[in-house]
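Colleague: Quick check, what structure comes out for this input:
(one chain, ligands or ions: 2)
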Amino acid sequence: MEYLKQLWDLVFPKKCINCKKEGAYLCEDCLSLIEINPFRQCLCEKMEKRDKCDNCKNKYLDKIFSAASFQNKILKEAIHKFKYGYIKDLSQPLSILMLTHLQIIEAKIDKSFVIIPVPMTDKKKRRRGFNQAEEMGKIISEATSIPLLANVLIKTKETLPQMELKKEERIENIKNCFEIKKNIKDNVVLLIDDVYTTGSTMDECARILKQSGTKEVWGLTVAREVDQQRYFV
Ligand SMILES: [Zn+2]
Ligand SMILES: [Zn+2]
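Modeller: Ligands and ions are numbered 1, 2, ... in the order given. This next block holds a predicted model:
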């Protein structure tokens, strides 16, 4: 397999998705153009020194950490190519962004945590060949020695793409489509996904986890998208 991969790289060399330079799918120069968020934000985007603002205190998710803004064109393109262009290797630079963010804001993450990726249905995973959240979870797990539990939270129902829905529809769409295979009671869960927008998906995952006894759930994503609809309601 390794030989085949080398041959593949020779015939189709890796090119930076942004500057087209050969060598990596996202070169170091272009990666450095993605500005890492140096602040902590509440689930609702407010800057918060505490963990959650009063409006968000009833949410199931306890904290959210997002490495950078989805407005950044290079990051947007990288996430798009990762998910829909099937470039699995982009999981590496994207995970580096998350790890750097955690370091900058001095998030206290230790070995009492477990990493759980936001799951996709088996059918969708087969179609894409991988779950992007799980791929990033693997790298973060390797870098931090925090165990990755990839099959504890599963998605049993196919849903419409959240991106196409309004906030209220997103909550309805994602409801009751996750299941827990093993209760996580003694660890803080670090829930990983690619983009955080209204937070409906992560909050539903956190709800299911907490129902089965998890005390604390932190979210970690590469990008944070401004919830446009927030400004029209
Ligand atoms: Zn580049
Ligand atoms: Zn808030």
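Colleague: So the residue nearest in space to the middle of the chain: helix, strand or coil?
Modeller: Ranked by distance to the mean C-alpha position of the chain (Cα atoms, centre = their mean), the top residue is residue 193 at 1.8 Å. Secondary structure state of residue 193, per DSSP: H, G, I helix; E, B strand; the rest coil, is strand.
Colleague: what residues are up against the closest residue to it other than its chain neighbours?
Modeller: Among residues not flanking residue 193 along the chain, residue 118 sits closest, at 4.1 Å (Cβ to Cβ, 6 or more residues apart in numbering). In this view, the C-beta of every residue, glycine as well, is placed from N, C-alpha and C. Contacts of residue 118 were listed using Cβ atoms under 8 Å, 6 or more residues apart in numbering, and they are 133, 153, 191-193, 201-202, 205.
Colleague: before we move on, back to that, so in terms of bridging, what pairs with the residue nearest to the centre of the chain?
Modeller: Going by DSSP bridges, residue 193 is paired in beta bridges with residue 221.
Colleague: Which of the contacts of residue 118 sits closest to residue 112?
Modeller: Distance from residue 112 was checked for each of these by Cβ to Cβ. The minimum falls on residue 191, at 15.2 Å.
Colleague: For that closest one, which non-adjacent residue is closest in space?
Modeller: Spatially, and ignoring its direct neighbours in sequence, residue 191 is nearest to residue 219 (5.0 Å; Cβ to Cβ, 6+ apart).
Colleague: hang on, isn't the one you found packed against residue 59?
Modeller: No: between residue 219 and residue 59 no contact is recorded; they are 10.3 Å apart, counting by Cβ atoms under 8 Å.
Colleague: any common contacting residues for these two?
Modeller: Between them, residue 219 and residue 59 share the contacting residues 199, 206, judged by Cβ under 8 Å, 6+ apart.
Colleague: Neighbour count for these two, which is higher?
Modeller: For residue 219 versus residue 59, the count of surrounding residues by other Cβ atoms under 10 Å is larger for residue 219: 24 against 18.
Colleague: contacting residues for the residue nearest to residue 191?
Modeller: 61, 63-65, 191-193, 196, 199, 202, 206.
Colleague: In helices only, show me these.
Modeller: 202, 206 (DSSP state H).
Colleague: so can I have JSON lines of the contacts of residue 219 showing pLDDT and distance to residue 31?
Modeller: What follows is the contacts of residue 219, written out as JSON lines (pLDDT from 0 to 100; distance: Cβ to Cβ, whole Å):
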{"residue": "61", "pLDDT": "97", "distance to residue 31": "28"}
{"residue": "63", "pLDDT": "94", "distance to residue 31": "25"}
{"residue": "64", "pLDDT": "94", "distance to residue 31": "22"}
{"residue": "65", "pLDDT": "95", "distance to residue 31": "19"}
{"residue": "191", "pLDDT": "98", "distance to residue 31": "24"}
{"residue": "192", "pLDDT": "98", "distance to residue 31": "19"}
{"residue": "193", "pLDDT": "98", "distance to residue 31": "20"}
{"residue": "196", "pLDDT": "95", "distance to residue 31": "20"}
{"residue": "199", "pLDDT": "93", "distance to residue 31": "26"}
{"residue": "202", "pLDDT": "97", "distance to residue 31": "25"}
{"residue": "206", "pLDDT": "98", "distance to residue 31": "30"}
